[in-house]
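**Q** Here is the input, now give the coordinates:
(one chain, ligands or ions: 1)
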Amino acid sequence: MKQDRRDFIKTSALFAGAALVPNSDIISKPFIKGTKKMKLTYRPYTLELRHVFTIASNSRSTTPVVLTEIEYDGLIGYGEASMPPYLGESHETVLKFLSKVDLSKYDNIFDLERILSDVDAIEPGNPAAKASIDIALHDLIGKIMGQPWYNIWGLDKNKTPYTSFTIGIDTPEVVRQKTKEAGEYKILKVKLGRETDKEMIESIRSVTNTPITVDVNQGWKDKHFALDMIHWLNERKVLFIEQPMPKTQIDDLAWLTENSPLPIIGDEGVQRLSDIVKAHKVYSGINIKLMKCTGMREAYKMIILARSLGMKVMLGCMTETSCAISAASQLSPLVDWADLDGALLISNDVYDGTKVINGKVTLNNRPGIGIKKI
Ligand code: MG
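**A** Purely as a prediction, here's the structure:
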């Protein structure tokens with residue numbers, strides 16, 4: 001009894017304290033239809049990468065992004081578009097697209113299906129620009145509801161996957177060094193698709209036995225060569241192969257998937273919801289990225305559809321701030337594998353959000369997508 005009373009006093013004091021101290025993590029406001037307008041603002045920003053990043057097709061040391069904010073009734077939802085150059089969007093295209101978005105005309109901001117369909121219909125393409133609206137709207141709605149999105153979706157925050165950590169193509173010495181620095185991660189991701197493929201894997205295996213996922217970024221052109229490589233990789237603790245061949249070589253990819261001892265995951269070959277049914281017979285699974293599929297709402301639908309077809313699901317990213325990474329992380333309890341290391345690869349993040357702790361995607365209790373400005 002005494003114990004109960006002490007607990008009661010302690011709990012009461014905590015609540016009293018919480019009431020006195022403003023806490024941006026606990027925001028819950030009633031929604032009154034039609035009395036306020038949403039206001040969209042945005043600015044270009046350039047992410048600095050910690051290391052020059054090389055994949056099969058190019059190298060770079062910066063990534064352009066656009067940071068969006070949607071303000072409504074004193075709350076701000078944050079969003080982001082990230083535009084690695086090879087995907088065709090840029091500061092210029094995203095700013096132009098966003099200048100055509102008018103959110104002030106919507107009375108019910110919960111009407112995500114209609115608002116996002118309208119945004120999608122402004123122009124074809126522009127998936128990152130569209131994602132920057134989708135993410136900011138989700139963040140805003142989550143803040144109005146006072147709940148993180150994993151809760152709104154009914155997901156268990158403890159069921160998040162480990163994230164892989166990417167080791168870019170480099171000299172054996174640098175690869176060994178990067179691998180040692182990545183000791184915290186339970187899965188490494190390796191970019192292959194050049195003549196140094198075996199050397200890359202052997203460099204990593206000379207310092208660690210951590211499981212590896214391989215991303216070829218369409219780099220292998222011959223299906224028999226690809227299958228031989230996959231057999232070789234299968235003996236070296238590799239979990240799956242991402243986009244081994246060009247996305248246009250559909251018959252070769254389907255053959256490879258049928259004969260491969262490892263799952264074949266489509267990335268470049270699968271962009272949006274409408275691509276999944278076609279991808280069903282071509283790949284064992286898909287890599288979903290918010291910047292490819294226009295954001296969280298479509299990503300959720302893609303996961304459900306892919307699962308219903310018995311496909312594996314991976315959640316990936318571009319180099320992004322903690323904004324887009326935290327948005328994707330809300331979905332991560334639903335997927336087999338996560339590759340959400342984008343914010344770890346940059347040196348000038350502007351948000352605090354989802355963390356990677358001992359290699360695991362670790363969600364926080366903040367509402368919306370779980371971020372705050374640094
Ligand atoms: Mg990939």
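
**Q** From now on I want contacts and neighbour counts done on CA atoms only, so please keep to that.
**A** Fine.

**Q** I'd say residue 297 and residue 133 touch.
**A** No: Residue 297 is beyond contact range of residue 133, at 11.0 Å (criterion: CA atoms under 8 Å).

**Q** More neighbours: the two, which one.
**A** Using other CA atoms under 10 Å as the criterion, residue 297 and residue 133 rank with residue 133 on top: 30 against 18.

**Q** Now that one: closest residue in space that isn't a chain neighbour?
**A** residue 79 (6.3 Å; CA to CA, 6 or more residues apart in numbering).

**Q** who's in contact with the one helix or strand that neighbour maps to?
**A** Secondary structure assignment for residue 79, by DSSP states H and E: strand 75-82. Contacts of strand 75-82 with the rest of the structure, by CA atoms under 8 Å, 6 or more residues apart in numbering, involve 63-71, 94, 128-141, 143-144, 291, 318-321, 323-324, 368.

**Q** and if we set it to 7 Å?
**A** 64-71, 128-129, 131-133, 135-137, 139-140, 291, 318, 320, 323-324 (CA atoms under 7 Å, 6 or more residues apart in numbering).

**Q** Give me the distance from that strand to the chain's centre.
**A** Offset of strand 75-82 from its chain centre (CA atoms, centre = their mean, to the nearest Å): 14 Å.

**Q** Next: stretch 194-203.
**A** With CA atoms, centre = their mean, you get 27 Å for stretch 194-203.

**Q** Could you pull out the buried residues of the lengthiest strand in the chain?
**A** Using DSSP state E, we find that the single longest strand of the chain is strand 39-54. Neighbour counts using 16 or more other CA atoms under 10 Å place 40, 42, 44-49, 53-54 of strand 39-54 among the buried residues.

**Q** what do you get for stretch 188-203?
**A** 188-193, 200-201, 203.

**Q** pLDDT score for residue 21?
**A** We have a pLDDT of 40 for residue 21.

**Q** cool, residue 8 as well?
**A** pLDDT at residue 8 comes out at 39.

**Q** got it, and the one 3 residues further on?
**A** At residue 11, the pLDDT value in this model is 39.

**Q** Next: residue 173.
**A** 94.

**Q** what are the ranges of the strands in the stretch 51-200 of the chain?
**A** Secondary structure of the stretch 51-200 of the chain (DSSP state E, counting those that start in this stretch): strands at 59-72, 75-82, 164-167, 187-191.

**Q** The stretch 201-350 of the chain too?
**A** 212-215, 238-242, 264-266, 285-288, 312-315, 337-338.

**Q** Run through who's touching the third one.
**A** When contacts are defined by CA under 7 Å, 6+ apart, strand 264-266 is touched by residues 240-243, 257, 283-287.

**Q** Distance to residue 153, pLDDT and neighbour count for those residues - can I get that in CSV?
**A** Output for the contacts of strand 264-266, formatted as CSV (distance: CA to CA, whole Å; pLDDT from 0 to 100; neighbours: other CA atoms under 10 Å):
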residue, distance to residue 153, pLDDT, neighbour count
240, 28, 98, 23
241, 30, 98, 26
242, 28, 98, 26
243, 30, 98, 25
257, 32, 98, 21
283, 27, 98, 27
284, 26, 98, 23
285, 22, 98, 28
286, 21, 98, 28
287, 20, 98, 25
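
**Q** ok, back up a step: what's opposite the residue nearest to residue 133 in the beta bridge?
**A** Under DSSP bridges, the beta-bridge partners of residue 79 are residue 68.

**Q** In this structure residue 366 contacts residue 148, no?
**A** Yes: taking CA atoms under 7 Å as the definition, residue 366 is a contact partner of residue 148 at 5.9 Å.

**Q** For these two, indicate the residue with more neighbours.
**A** residue 148 (24 against 21).

**Q** separation between the residue lying closest to that one once chain neighbours are set aside and residue 352?
**A** Once flanking residues are discounted, residue 148 sits nearest to residue 367: 4.0 Å by CA to CA, 6+ apart. Look at residue 367 and residue 352: by CA to CA, to the nearest Å, they are 13 Å apart.
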